[in-house]
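sequence? don't have it. structure:
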């Protein structure tokens, strides 16, 4: 059993080594280029574009002269089988087309046009959502890279101090307890390094799936000064420019057009057509006849009431969604602004704290080497310095993310 387990572990290690050997290096690119790369392969874009094209075709088809396709009818009657068998035979055929009710055709075109505009705006909504997803993925990759770098530094420091402790322990200058403490610190650092490597690989894989190829968006080139590139400053202007609010407005306009269409469709469409009759009868002075036919279904509450109720429900739902969308955008804008302010403060404080903790860790290690401090104190100082440095690096990433997020909220993809 044990040889089989060892063989499986060896195979897994070989596959991992081969994967690292053949992995393509992630090239750095701007955030705007990364969003464009992700948008080019996004399946939502294709879906919405197909729907937009279909809505445009429906609007074009609604410009037809008639409300539907023609209907063919035909009849054949004779008296051979059950009648008098005197040779009476009648052939009758006709064609009819449905007619638009007053204003119904233009209302139908209006509904289709509004639906096409809604889908066009939903493309902008999908693009904005994708930009946020790319930003989150890039931020996750940056934070994972920062954690990996910090874990490597921690492991290097713990290994260095562990080697010194091991030499001193063999020389009888330190106790076995100190050696065990140093070994525990080194192994904990090794475990943190393995977890950081796993997180970095997962973040890189997620970003690669989103972009379609190994690449790393450089979000560090965007900072607080880029917020001045925002198109609007007034909250109302930002809300009106947001694609989610504009899409909700188009949905309301489509619902209003549908309400108008429901009013125009107060009865089934009438039909008008042409009939032709050919008869074979003994001694008949007429054999062929041509005439017109029409059919006018009368209005009915059984049909109109559900139609109007559905249109009113659609309009009410669209109006509610519009209000909710505007509230959501307003709240989100307030949050991203506050987040930018907080991130700037956290970034400055984190950088100062990381520098102080690094100086303390260096001083404590020096004090331990000259016998003025315990090993436990030196190890704790180094661990605290690495933790503070990681927090500072994360605050730096979050500051860049907050800056880009403000730009996205105002309609700018940097």
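Thanks, I have it. In this text the structure is predicted, and so the values were computed from the model without any measurement.

doesn't residue 396 make contact with residue 346?
No. Contact criterion Cβ atoms under 8 Å: residue 346 and residue 396 do not qualify, at 9.3 Å. Any C-beta I mention is one placed from the backbone N, CA and C, and that applies to glycine too.

Which one of those two is surrounded by more residues?
Neighbour count, other Cβ atoms under 10 Å: between residue 346 and residue 396, residue 396 has more, with 21 against 18.

Settle this for me: that one is touching residue 347, isn't it.
Yes. Contact criterion Cβ under 8 Å: residue 396 and residue 347 qualify, at 5.7 Å.

remind me which residues of the stretch 301-414 of the chain are low pLDDT?
For the stretch 301-414 of the chain, applying pLDDT under 70 flags the ranges 414.

What residues of stretch 165-185 count as buried?
165, 166, 168, 169, 174, 178, 179, 181, 182, 185 (16 or more other Cβ atoms under 10 Å).

For the first one, which three-state class applies?
Right, the one you point to is residue 165. Put simply, residue 165 is helix when judged by DSSP: H, G, I helix; E, B strand; the rest coil.

and if you look at residue 289?
Under the three-state scheme (three-state DSSP), residue 289 adopts strand.

Pull out the buried residues from the host helix or strand of residue 396.
Using DSSP states H and E, residue 396 falls within helix 375-409. Buried positions in helix 375-409, judged by neighbour count with 16+ other Cβ under 10 Å: 375, 378-379, 381-383, 385-386, 388-409.

Just the residues contacting stretch 91-108, thanks.
Outside stretch 91-108, the residues within contact range by Cβ atoms under 8 Å, 6 or more residues apart in numbering are 62-64, 66-77, 257, 260-261, 264-267, 269-279, 293, 295.

So which of the residues you listed are in helices?
Assigned to helices by DSSP state H, the following of the contacts of stretch 91-108 qualify: 257, 260, 261, 264.

Report the distance from stretch 129-143 to the chain centre.
Remark: stretch 129-143 is offset 12 Å from the chain centroid, using Cα atoms, centre = their mean, to the nearest Å.

Please list the residues outside it that contact it.
For stretch 129-143, the external contacting residues (Cβ under 8 Å, 6+ apart) are 31, 34-35, 38-39, 42, 44, 200, 203-204, 206-207, 210-211, 216-217, 219-220, 393-394, 397-398, 400-401, 404-405, 408, 413.

Show me the helices in this protein, by range?
Using DSSP H, the helices of the chain run over residues 2-22, 31-40, 43-61, 104-170, 176-211, 235-241, 243-264, 301-369, 375-409.

Among the ones you listed, which comes closest to residue 89?
Closest of these to residue 89 is helix 301-369, at 39.9 Å (criterion: Cβ to Cβ).

what residues are up against residue 169?
With contact set as Cβ under 8 Å, 6+ apart, residue 169 has these partners: 175, 176, 178, 179.

Over to residue 211?
Residue 211 makes contact with 34, 37, 38, 134, according to Cβ under 8 Å, 6+ apart.

10 Å - rerun?
Residues counted as contacts of residue 211 (Cβ atoms under 10 Å, 6 or more residues apart in numbering) are 26, 29, 33-38, 40-41, 134, 137-138, 217.

got it, and residue 292?
Applying Cβ under 10 Å, 6+ apart, the residues contacting residue 292 are 94, 96, 272, 273, 274, 275.

For those, give me JSON lines that also has neighbour count, distance to residue 148 and pLDDT.
Output for the contacts of residue 292, formatted as JSON lines (neighbours: other Cβ atoms under 10 Å; distance: Cβ to Cβ, whole Å; pLDDT from 0 to 100):
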{"residue": "94", "neighbour count": "18", "distance to residue 148": "80", "pLDDT": "88"}
{"residue": "96", "neighbour count": "20", "distance to residue 148": "75", "pLDDT": "88"}
{"residue": "272", "neighbour count": "14", "distance to residue 148": "77", "pLDDT": "88"}
{"residue": "273", "neighbour count": "18", "distance to residue 148": "77", "pLDDT": "87"}
{"residue": "274", "neighbour count": "13", "distance to residue 148": "81", "pLDDT": "91"}
{"residue": "275", "neighbour count": "16", "distance to residue 148": "83", "pLDDT": "87"}
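
Now flag whichever of those is closest to residue 158.
Ranked by distance to residue 158 (Cβ to Cβ), these are led by residue 96 at 89.6 Å.

For the closest one, which residues count as its bridge partners?
residue 71, residue 273 (DSSP bridges).

ditto for residue 27
When bridges are called by DSSP bridges, residue 27 pairs up with residue 215.

ok, now how distant is it from residue 215?
5 Å (Cβ to Cβ, to the nearest Å).

ok, these two, which is more surrounded?
More crowded of residue 27 and residue 215, by other Cβ under 10 Å: residue 215, with 22 against 9.

Would you mind confirming that the more buried one makes contact with residue 28?
Yes. Between residue 215 and residue 28 there is a contact at 7.6 Å, judged by Cβ atoms under 10 Å.

Between the two, which contacts overlap?
Common contacts of residue 215 and residue 28, defined by Cβ under 10 Å, 6+ apart, comprise residue 34.

circling back: with pLDDT and distance to residue 333 as extra columns, can I get the ones in helices among the contacts of stretch 91-108 in CSV?
Output for the ones in helices among the contacts of stretch 91-108, formatted as CSV (pLDDT from 0 to 100; distance: Cβ to Cβ, whole Å):
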residue, pLDDT, distance to residue 333
257, 92, 30
260, 92, 34
261, 89, 36
264, 89, 40
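
Those residues: which two are farthest apart?
The span of the ones in helices among the contacts of stretch 91-108, defined through Cβ to Cβ, is set by 257 and 264 at 10.5 Å.

Between these two, which has more neighbouring residues?
residue 257 (22 against 17).

How much space separates the more buried one from residue 136?
In terms of Cβ to Cβ, residue 257 sits 37 Å off from residue 136.

Repeat that for residue 327.
Look at residue 327 and residue 136: by Cβ to Cβ, they are 23 Å apart.

Give me the more crowded residue out of those two.
A count of neighbours by other Cβ under 10 Å puts residue 136 above the other of residue 327 and residue 136, at 15 against 12.

For the helices of the chain, give me JSON lines that also has distance to residue 289.
As requested, the helices of the chain are exported to JSON lines (distance: least, Cβ to Cβ, whole Å):
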{"stretch": "helix 2-22", "distance to residue 289": "84"}
{"stretch": "helix 31-40", "distance to residue 289": "65"}
{"stretch": "helix 43-61", "distance to residue 289": "35"}
{"stretch": "helix 104-170", "distance to residue 289": "33"}
{"stretch": "helix 176-211", "distance to residue 289": "71"}
{"stretch": "helix 235-241", "distance to residue 289": "65"}
{"stretch": "helix 243-264", "distance to residue 289": "36"}
{"stretch": "helix 301-369", "distance to residue 289": "35"}
{"stretch": "helix 375-409", "distance to residue 289": "72"}
